[in-house]
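> Based on what follows, work out the 3D shape:
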Amino acid sequence: MRFPALFTAFFSRLGHKLINKLRSWTKPITTGPTIGTVIDSTRSRQELILENALLRQQLLVLNRQVKRPKLRVRDRAVLVWLASRVATWKTAVLIVKPETVLRWHRELFRRVWRHKSKSPRTGGRPRLAREQVALIRRIAKENLTWGAERIRGELLKLGLPVAKSTIQNYLKGRRAAGPGSQTWRTFLRNHASAVWACDFLQTHDVWFRDMFVFVIIELASRRVVHVAVTRHPNDSWVAQQLREATPFGAGPRFLIRDNDAKYGAQFDRVAIGTGIKLLRTPIGAPRANSYCERFLGSIRPECLDYVFIFSERQLLHQLTAYIAYFNQARPHQGIAQRLPAGPVPLHNLPSDGAIVGVPILNGLHHDYQRRAA
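This next block holds a predicted model:
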């Protein structure tokens, strides 16, 4: 009785193996694109279209459930190559976006050119040493008016023959000024001690009525020269503020202002009579008056945002207290943490004594000082 059972079990296992083998022979080969393509070439067009529809439907189902498939570098390369051979590849790609395939294509190009750039050079012009490249960029940074030919002459004087085109290559995109020109930043840095800037700041009182703050600032020290407040600024009022800021003709050589209609003929006459040359900023370029704009940007978060404004006199009193603190006690980052009213001699500061904080604007800010022992 035992032998028939073993005989039956043997043939049953053999039958299962034969069935699985037949299924594997009749199942479409999907393990690799190369073998599958060779076998598909022997099949009919109608069968391929139906199988393509079946596979597409399965991909649509998987795309709804699988969040992000993991693809290897080989898979990406195959997809990129196939997409380059199919005209309607954007509609055929389902598991990734067409933009992703394009990004893979760019990455493959970068890898190819990175590999080529690492290969030993067989010809062409020899590269400059790092020290020479650093010297070229240093000379260009320190002399903004020098062109490539002028820098080339300076290098020849130092015994470093470099072609003009090579210098232009290393300076490409590193400075905006060409030969014989000067940037606005360079002009301000060279003439900061003789340049003032003025501008208006619009604010509102507790009843939402407009009020205007007029400020004049010295660029070199960032010192606020003059401040005034009004509800109705006009040409005559602004001209009077310039007179008060320049008593006895003591004024700067240049004054930067924007194209606001508040600056009229009277303001220009006062400036000319004082010997001031007005510099108008371009329209729509607030960075041309960046120093004054930066100070006006400090007034709001450091003063006006914490004050209820009732009248012109009260606002002027608050601004006067803040500007006294700004000029005499507030270190400024733009001038290496010095005080706008004048640098503090660090070597003369007392090293002992209690440190006290003097409240400014009712405790909104504090001026920390050391008492003498």
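
> who touches residue 340 in this structure?
By CB atoms under 8 Å, 6 or more residues apart in numbering, the contact set of residue 340 is 218, 221, 222, 223, 224, 326, 327, 328, 330, 332. For glycine as for every other residue, the C-beta is placed from the backbone atoms N, C-alpha and C.

> what comes into contact with whichever helix or strand residue 200 is part of?
Element membership of residue 200, judged by DSSP states H and E, is strand 195-204. Strand 195-204 has contacts (CB under 8 Å, 6+ apart) with 188, 210-220, 225, 233, 242, 251-258, 260, 262, 279, 289, 291-293, 296, 299-300, 304, 309, 315.

> Can you say which of these are buried?
Buried by 16 or more other CB atoms under 10 Å: 188, 211-220, 225, 233, 242, 251-252, 254-258, 279, 289, 291-293, 296, 299, 304, 309, 315, out of those.

> Which members of those residues occur in helices, if any?
Within those, membership in helices is found for 188, 242, 291, 292, 293, 296, 299, 315, as judged by DSSP state H.

> Model confidence score at the first one, please.
Residue 188 carries a pLDDT score of 76 in this model.

> so it makes contact with residue 220?
No: taking contacts as CB atoms under 8 Å, residue 188 lies outside contact range of residue 220: 9.4 Å.

> contacting residues for the closest residue to residue 330 other than its chain neighbours?
Distance criterion CB to CB, 6 or more residues apart in numbering; nearest residue to residue 330, sequence neighbours excluded, is residue 339 at 7.2 Å. Neighbour list for residue 339: 327, 328, 329, 330, 331, 332 [criterion: CB under 8 Å, 6+ apart].

> Let me have the contacts of residue 340 in CSV, extended by distance to residue 353.
Below are these laid out as CSV (distance: CB to CB, whole Å):
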residue, distance to residue 353
218, 32
221, 28
222, 29
223, 28
224, 30
326, 25
327, 24
328, 20
330, 21
332, 25
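
> Give me the distance between the nearest residue to residue 222 once chain neighbours are set aside and residue 325.
Nearest residue to residue 222, sequence neighbours excluded (CB to CB, 6+ apart): residue 340, at 4.4 Å. Distance, residue 340 to residue 325, by CB to CB, to the nearest Å: 11 Å.

> count of residues packed around residue 365?
19 (other CB atoms under 10 Å).

> who does it bridge with?
Residue 365 has the following beta-bridge partners by DSSP bridges: residue 360.

> quick one: pLDDT of it?
Note for residue 365: predicted pLDDT of 86.

> ditto for residue 357
84.

> Pop out the phi and psi values for residue 260.
Per-residue torsions, residue 260: phi -60, psi 140 (degrees, to the nearest 10).

> For residue 201, see how far away it is.
12 Å.

> same thing with residue 366?
From residue 366 over to residue 201 (counting by CB to CB), the distance is 24 Å.

> More neighbours: which of the two?
Using other CB under 10 Å as the criterion, residue 366 and residue 201 rank with residue 201 on top: 20 against 14.

> count of residues packed around residue 265?
Residues near residue 265, counting by other CB under 10 Å: 10.

> nearest residue to it other than its sequence neighbours?
Per CB to CB, 6+ apart, closest to residue 265 is residue 235, 6.7 Å.

> In contact with that neighbour, which residues?
Counting by CB under 8 Å, 6+ apart, residue 235 touches 262, 263, 264, 265, 266, 267.
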